[in-house]
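> Here is my input; please provide its structure:
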Amino acid sequence: MAGVITASEPSWIAPFTGLSARQFGKLLTALRREGANPVRKGRPWSLPLEDRVLLVAAYWRTNLTLRLLAPLCGVATSAADRIVDHLGPLLALQPRKRFRKDTVLIVDGTLVPTRDHTVGEQSKNYRYSTNHQVVIEADTRLVVAVGRPLPGNRNDCKAWELSGAKAAVGRTTVVADGGYRGTGLIIPHRREKGQDELPAWKEEHNTSHRKVRARVEYAFARMKTWKILRDCRLKGDGVHHAMLGIARLHNLTLTG
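Model prediction:
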């Protein structure tokens, strides 16, 4: 159909997915290997797998409503909705199960504004949001695990365990900010009661800690170029699937 975006035209891929044509091809190969395109009984999909992946990635990237995005992809709004519901979970990042002994991870929580008030709560950004615990590898900056979303008013030290992020990384060394006090993670030194300033060696440790921990903030900034993480209209598990899928796309942009 003329006038629609399609993966057969490589120039559409980068602006609508955030991936290069090569990275998009690697994603399709992995999805086919994982069985994301089985032979279906009954009515077939109105788009081939590559165009369905393009539609879902474009939805996450642009945060256009499906009423606007569906005509761009040459399908009905209801068909686009079914594609997002079906393919979104299949694009999800699989958490890493094993880590080298010398691996250092970084964790932090990020808030995703959501329209679904059943999964979100008003948080420090004064919007209904969900709290997502994201774990990256310090050396490669790849996302290795994402916890299940919790209401946005839940603090990070509790969300770390309740979201499943803690269980996902086991006993691996994890760096975090001061909000994770009491969790056993590596956090900055703090002044004790009655102490005016920290010793010089603790200040040096904190400076080094900040430089390392900043890497997770850069990861959040890159992930939120997929604009659905700035105002998510998906209901139920949709925000969780979007975060996991975007984590996978983010990793692809880093590894090439």
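> Show me how this protein divides into domains.
Following automatic domain parsing, one gets these domains for the chain: 10-90, 104-235.
> tell me how far the ends of the first one are from each other?
Put plainly, it is domain 10-90. Domain 10-90 stretches 23 Å from its first residue to its last (CA to CA, to the nearest Å).
> go on, the last one?
With CA to CA as the measure, the first residue of domain 104-235 is 34 Å from its last.
> what does stretch 83-97 give?
Distance across stretch 83-97, first residue to last, is 29 Å (CA to CA).
> Where does the prediction get shaky in the stretch 1-150 of the chain?
1-3 (pLDDT under 70).
> what do you get if the cut-off is 90, keeping everything else the same?
For the stretch 1-150 of the chain, residues meeting the criterion pLDDT under 90 lie at 1-4, 35-46, 95-97, 123-127.
> in it, which spans are strands?
With strands called from DSSP state E, counting those that start in this stretch, the stretch 1-150 of the chain shows them at 104-113, 121-122, 128-137, 143-146, 150-151.
> Show the average pLDDT along the longest helix seen in the chain.
Assignment by DSSP state H gives helix 200-223 as the longest helix of the chain. Here helix 200-223 scores 93 as its mean pLDDT.
> Provide the angle between the direction of it and the direction of strand 128-137.
Interaxial angle of helix 200-223 relative to strand 128-137 (axes from the mean of the first three to the mean of the last three CA atoms, to 10 degrees): 110 degrees.
> May I have whatever helix or strand comes next after helix 200-223 exported as CSV, CA atoms only?
Tracing the chain past helix 200-223, the next element assigned as helix or strand by DSSP states H and E is helix 238-255. What follows is helix 238-255, C-alpha atoms only, in CSV (Å, rounded to 0.1, in the frame of the first residue of the first chain):
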residue,chain,number,x,y,z
GLY,A,238,1.4,-3.1,29.2
VAL,A,239,3.8,-0.7,30.9
HIS,A,240,5.8,-3.7,32.2
HIS,A,241,6.0,-5.2,28.7
ALA,A,242,7.0,-1.8,27.2
MET,A,243,9.8,-1.4,29.7
LEU,A,244,11.1,-4.9,29.1
GLY,A,245,10.9,-4.5,25.3
ILE,A,246,12.6,-1.1,25.4
ALA,A,247,15.3,-2.5,27.6
ARG,A,248,16.0,-5.1,24.8
LEU,A,249,16.0,-2.4,22.1
HIS,A,250,18.3,-0.3,24.2
ASN,A,251,20.8,-3.2,24.5
LEU,A,252,20.7,-3.7,20.8
THR,A,253,21.6,-0.1,20.2
LEU,A,254,24.7,-0.6,22.4
THR,A,255,25.9,-3.9,21.0
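> got the angle for helix 238-255 vs strand 104-113?
In terms of direction (the same axes, to 10 degrees), helix 238-255 departs from strand 104-113 by 130 degrees.
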